[in-house]
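[1] One predicted model, sequence on top.
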Amino acid sequence: MMNSPRATMLQPKPAQRMFWNVFAQNFLNNYGYFAPLSVLGVYLLDRSLSAAQVGTLLLLLSASGRASRALFAPLLDRIPTRCALTTTYLVMGAGYIIVAESAAFVGTALGLFMVGTAYGSCSLLLRVITVRLREDQSLRLMLVKLAVGTNIAATLGPLLSSLLYVQMAPNAPFLVTGLVMVSGGLVCHAFLGNELPVLDRGGNWWKSLLHSATRSDLRLVFVATAFTWFALAQIFSFAPIVLGRLLAGPEIVWTIAGLNAALVVGASMPLMKTLERAHVDDVGSLILSAVLVLACFALLSGFVNLFTLYLAVALLTVVEIVALPSLSVLLVQNTPGRDHLALLGINAIGMGLGEALGNFVGVVLGSAELHNTFAFAGIAALYGLGAMWLYRFRSKMLDIGGRKATQDGIDVERS
């Protein structure tokens, strides 16, 4: 029996099915990583670990999530995508089960290292898969949709974990998350793996990496990535400290993350579609982001109160929405598909450096009892220079001038 035209119209396109496949796996990966974070610090302290040990464990979790994207990219480049994704889910699940059952510092460290490594590796693979998808919309819009899913997972997951921690047992969030990741990984392998696109595999990973590192346009993107993450780190370093210690109290610190998540979920698609309709290119988005960071720190250099703090968080969240997809597009749009895994892996180093320095500066500024006028003014001036720098090298970053661009690894002439 032939399908009716109406039924045919309701069937999603293959590219759309692939994207929602990736969306579901991205949601699972981020749920697994973020869900137990809200209770992790309290759980570790309640197990009689010292504050220094707990800080070391949290640093290990964060560092392994970033470093794995660069360290394990050559290995991921050799494993079939379906098996690699399934392995990351199983490793993350096993890591959480170890954290739940181990009473020793070393065992907990091993479990958190497994969680961070699996999360970073899975995030890298899903980003490369997203770049390979062919849809009737821009890569920026697809990345924004993934960011919305990430923030929904990062909001709902901690709420569920908090409920499990209080109502069941302190280790329940980690056992439940571990079981969810193991079962979710098996389900994804069985039902979703066949829908994934085939990735280009590079011949020599290090050769591709060194060749790309010599390109000045890509180095500009690496630098812009570091500065973007430096600014975004203030959302979860400076802002919570000032709000919790100086302006209000620890009981409302959660509103910072709540505002950030609400804006990302609610404003991402309208804002990105507005930029698309206005024909704002990726470097234009970065220039806009630099101007918003300038405005944020200029505002804080004059006044630090509840209104300006929440306004600063809102401005930085807009930067997050606008800048991060554009950085990914600039990184991959003019490089062969076989190099995307290496590039996104090494770009994580820029992310990690910017985020680490931003967290350090945020803690220092947040502990200075609001005597930061000149520091904030200096940071604002730095991003003002950054906006001019981006405008100066705009053509190079967009690769205007006749070089062949590559989309999804296939050479095409830029129109």
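    The structure has been received and is ready for your questions.
[2] burial of residue 52, as a residue count?
    Residue 52 is flanked by 8 other residues according to other C-beta atoms under 10 Å. Backbone N, C-alpha and C define where each C-beta goes, glycine included.
[3] element containing it, please.
    Assigned by DSSP states H and E, residue 52 belongs to helix 51-71.
[4] for residue 124, same thing?
    Going by DSSP H and E, residue 124 is in helix 105-132.
[5] rewinding a little: packing partners of the helix holding residue 52?
    helix 37-46, helix 105-132, helix 340-366 (3 or more C-beta pairs under 8 Å, 6 or more residues apart in numbering; DSSP states H and E).
[6] can those helices go into JSON lines with extra columns for mean neighbour count?
    JSON lines is the format used below for these (neighbours: other C-beta atoms under 10 Å):
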{"stretch": "helix 37-46", "mean neighbour count": "17"}
{"stretch": "helix 105-132", "mean neighbour count": "23"}
{"stretch": "helix 340-366", "mean neighbour count": "21"}
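[7] one step back: ok and the helix holding residue 124 relative to helix 340-366, angle-wise?
    120 degrees (axes from the mean of the first three to the mean of the last three C-alpha atoms, to 10 degrees).
[8] So for stretch 133-151, what gets flagged as buried?
    By neighbour count on 16 or more other C-beta atoms under 10 Å, the buried set for stretch 133-151 is 133, 138-151.
[9] Return the distance of that stretch from the chain's centre.
    13 Å (C-alpha atoms, centre = their mean, to the nearest Å).
[10] Likewise for stretch 89-103?
    22 Å.
[11] Identify the residues contacting it?
    Outside stretch 89-103, the residues within contact range by C-beta atoms under 8 Å, 6 or more residues apart in numbering are 28-29, 32-33, 36, 47, 107-108, 110-115, 117-119, 122, 171, 174-175, 177-182, 184-186, 188.
[12] Please put the alpha-carbon coordinates of that stretch into CSV.
    As requested, the backbone C-alpha atoms of stretch 89-103 are provided in CSV (Å, rounded to 0.1, in the frame of the first residue of the first chain):
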residue,chain,number,x,y,z
TYR,A,89,28.1,6.4,28.3
LEU,A,90,29.2,3.1,29.9
VAL,A,91,32.4,4.6,31.3
MET,A,92,30.5,7.6,32.7
GLY,A,93,27.9,5.2,34.3
ALA,A,94,30.7,3.0,35.8
GLY,A,95,32.4,6.1,37.1
TYR,A,96,29.4,7.3,39.0
ILE,A,97,28.8,3.8,40.5
ILE,A,98,32.4,3.8,41.7
VAL,A,99,31.8,7.3,43.3
ALA,A,100,28.7,6.0,45.0
GLU,A,101,30.3,2.8,46.4
SER,A,102,33.9,3.9,47.1
ALA,A,103,34.8,5.3,50.5
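[13] Point out where the stretch 201-350 of the chain drops to low pLDDT.
    Residue ranges of the stretch 201-350 of the chain with pLDDT under 70: 201-214, 250, 334-342.
[14] where exactly do the helices run in it?
    For the stretch 201-350 of the chain, the helices defined by DSSP state H, counting those that start in this stretch occupy 205-213, 216-232, 238-242, 254-277, 282-302, 306-332, 340-366.
[15] circling back: columns distance to residue 92 on top of the helices and strands packed on helix 51-71, output as TSV?
    Formatted as TSV, the helices and strands packed on helix 51-71 follow (distance: least, C-beta to C-beta, whole Å):
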stretch	distance to residue 92
helix 37-46	13
helix 105-132	4
helix 340-366	17
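[16] dump the residue contacts of residue 366.
    Each residue near residue 366 by C-beta under 8 Å, 6+ apart is listed here: 237, 238, 239, 240, 241, 242, 245.
[17] which residue sits closest to residue 126, ignoring its sequence neighbours?
    In space, and not counting its chain neighbours, residue 126 is closest to residue 26: 5.1 Å by C-beta to C-beta, 6 or more residues apart in numbering.
[18] residues of the helix or strand hosting that neighbour that come out buried?
    For residue 26, the host element (DSSP H and E) is helix 14-34. By neighbour count on 16+ other C-beta under 10 Å, the buried set for helix 14-34 is 18-19, 21-34.
[19] What is that helix packed up against?
    On a contact count with 3+ C-beta pairs under 8 Å, 6+ apart, helix 14-34 meets helix 81-101, helix 105-132, helix 139-167, helix 172-187.
[20] Just send the ones you listed back as CSV, with mean pLDDT and distance to residue 281 too.
    Shown next, in CSV, are these (pLDDT from 0 to 100; distance: least, C-beta to C-beta, whole Å):
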stretch, mean pLDDT, distance to residue 281
helix 81-101, 89, 30
helix 105-132, 86, 18
helix 139-167, 81, 10
helix 172-187, 90, 37
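[21] Go through those helices and name the closest to residue 269.
    For residue 269, the closest of the helices and strands packed on helix 14-34 is helix 139-167, at 6.2 Å, according to C-beta to C-beta.
[22] helices and strands around the closest one, which ones?
    helix 14-34, helix 37-46, helix 105-132, helix 172-187, helix 254-277, helix 306-332.
[23] Distance to residue 298 added to those, as CSV?
    Below are the helices and strands packed on helix 139-167 laid out as CSV (distance: least, C-beta to C-beta, whole Å):
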stretch, distance to residue 298
helix 14-34, 32
helix 37-46, 32
helix 105-132, 33
helix 172-187, 41
helix 254-277, 20
helix 306-332, 10
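[24] among those, which is nearest residue 227?
    Of all those, helix 306-332 sits nearest to residue 227, with 9.6 Å by C-beta to C-beta.
[25] what helices or strands is the closest one leaning on?
    helix 105-132, helix 139-167, helix 216-232, helix 238-242, helix 254-277, helix 282-302, helix 340-366.
[26] Go through those and name the closest to residue 384.
    Across the helices and strands packed on helix 306-332, residue 384 has its closest neighbour in helix 282-302 (4.9 Å, C-beta to C-beta).
[27] does residue 248 really touch residue 306, like I thought?
    Yes - with contact defined as C-beta atoms under 8 Å, residue 248 counts as touching residue 306 (7.0 Å).
[28] Pull out the buried residues from stretch 93-103.
    Residues of stretch 93-103 classed as buried: 93, 94, 95, 96, 97, 98, 99, 100, 102 (neighbour count, 16+ other C-beta under 10 Å).
[29] Nearest spatial neighbour of the fourth one, chain-adjacent residues omitted?
    Translated: residue 96. Using C-beta to C-beta, 6+ apart and skipping residues adjacent in sequence, the residue nearest residue 96 is residue 178, 3.5 Å away.
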